[in-house]
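Q: next comes the sequence, and after it the predicted model I'd like to discuss.
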Amino acid sequence: MGLYDVYRTYISRFEFEIESISSVHSKPLLLPPSIRVESFYYTFYAFAIVCLLHLFLLTMIRANKTKKLKLRDDTLSIQNSYQATNLCVNLTLGLYGLYTWLTIVPGLYTIPPPDKITGFLQFIPFSAAQLGYNMWSIPMGVLVIGESKAMLGHHVAALIISFLANFFTVGYRYYSPFFLGVYELSSVPLAIMNSFKKNREWANKNSPISFVTAKVMFAVFYLVIRVILGTPQMWDNMRIATILFGGCGDIYCRLLVGTFCVLGYFLALLQYAWGYLVVTGLYQVWRGNNNNNNSNSSSSSSSSTDKKKD
């Protein structure tokens, strides 16, 4: 097949996608009331479960702090329970998302774009869980943890995208098991790594190599899931979202789809920016090990990466 034939094939496919995606504009803005009510209940249940889980873990940590964890104050207990809650939620969503993505979600190029945009209502539990989780996580991050602006921006963007998937016809729910589920597997070693950072004295005394091990695990998980596997998903999602935005004929469509596009591109750029920091930190850890430095010097050499993720 010559270069011209490849070009014509691409143009024909692009024109077909534009025509098929244009059919989405005739659909109602909101999902049916019964589905919206169901999504609301899912979100409420998720929020309540996360809050109760956090209170349970906080109680357990407070009960053990004097004998085992030797925490400095109650603020550190809350920070540790926050990371433990993140670990439990991310592990649950990640495993559920991985199972769904591998066994239920159709192939990326086997589904027509309109179905990816408006279909797959059975994946609403992913967006509802993320919405409820971020409703808990954002106030905690602002008031207690003091998370970075980039991480808070990530949480806010995820909350808005989850809200759109929960209640609007244009929800891109086909991608929910991967973006709102599988993605969270990379956050499991991150929660472990942040816990070691908050309890550096305890970690250095009991398991000095654990912090570097968690850091390397996080780097591998992040690069494999969010960069290597995530890039085709992000490209396909933003491509059809941009095509849909180009065909909007009213202010409501432009506002809705435009918001998704802006947040989608923001999250994509953020993933790659963090990916660069992850690679840099991983290289510094490797170089530190080659120079026979101890685990503390390896940890400090990649502190710039950790600050972005803390």
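A: Right, received. Where do you want to start?

Q: can you give me the end-to-end distance of stretch 115-128?
A: 20 Å (CA to CA, to the nearest Å).

Q: contacts for it next, please.
A: If you take CB atoms under 8 Å, 6 or more residues apart in numbering as the criterion, stretch 115-128 is touched by 21, 24, 27, 31, 35, 38-39, 42-43, 45-46, 93, 96-97, 100, 161-163, 165-166, 169-177, 180-181, 236-237, 240-241, 244. The way it works is simple: take the backbone N, C-alpha and C, and place the C-beta from them, glycine included.

Q: helices of the chain, start to end?
A: 3-21, 33-64, 74-103, 113-118, 124-140, 149-167, 176-179, 187-198, 200-206, 210-221, 230-246, 251-290, 295-301, 303-309 (DSSP state H).

Q: ranking those helices by burial, who's on top?
A: helix 176-179 (a mean of 26; mean count of other CB atoms under 10 Å).

Q: out of the helices and strands in the protein, which is least certain?
A: Taking mean pLDDT, DSSP states H and E as the measure, the chain has helix 295-301 as its least confident helix or strand, at a mean of 37.

Q: which ones are touching Tyr172?
A: 116-117, 164-165, 237, 241, 260.

Q: what does stretch 227-239 contact?
A: 108, 116, 172, 175, 178-179, 182-183, 261, 264-265, 268, 271-272, 275.

Q: now do it, average pLDDT.
A: Averaging pLDDT along stretch 227-239 gives 95.

Q: using PDB, write out every CA atom in that stretch.
A: Coordinates of the C-alpha atoms in stretch 227-239 are reproduced here as PDB (Å, rounded to 0.1, in the frame of the first residue of the first chain):
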ATOM      1  CA  VAL A 227       2.100   6.100  30.000                       C
ATOM      2  CA  ILE A 228       2.500   2.900  28.000                       C
ATOM      3  CA  LEU A 229      -1.000   1.400  28.300                       C
ATOM      4  CA  GLY A 230      -2.700   4.800  28.900                       C
ATOM      5  CA  THR A 231      -1.500   6.600  25.800                       C
ATOM      6  CA  PRO A 232      -3.700   4.800  23.200                       C
ATOM      7  CA  GLN A 233      -6.700   5.200  25.500                       C
ATOM      8  CA  MET A 234      -6.000   9.000  26.000                       C
ATOM      9  CA  TRP A 235      -5.400   9.500  22.300                       C
ATOM     10  CA  ASP A 236      -8.600   7.800  21.200                       C
ATOM     11  CA  ASN A 237     -10.700   9.500  23.900                       C
ATOM     12  CA  MET A 238      -9.400  13.100  23.200                       C
ATOM     13  CA  ARG A 239      -9.600  12.600  19.400                       C
END
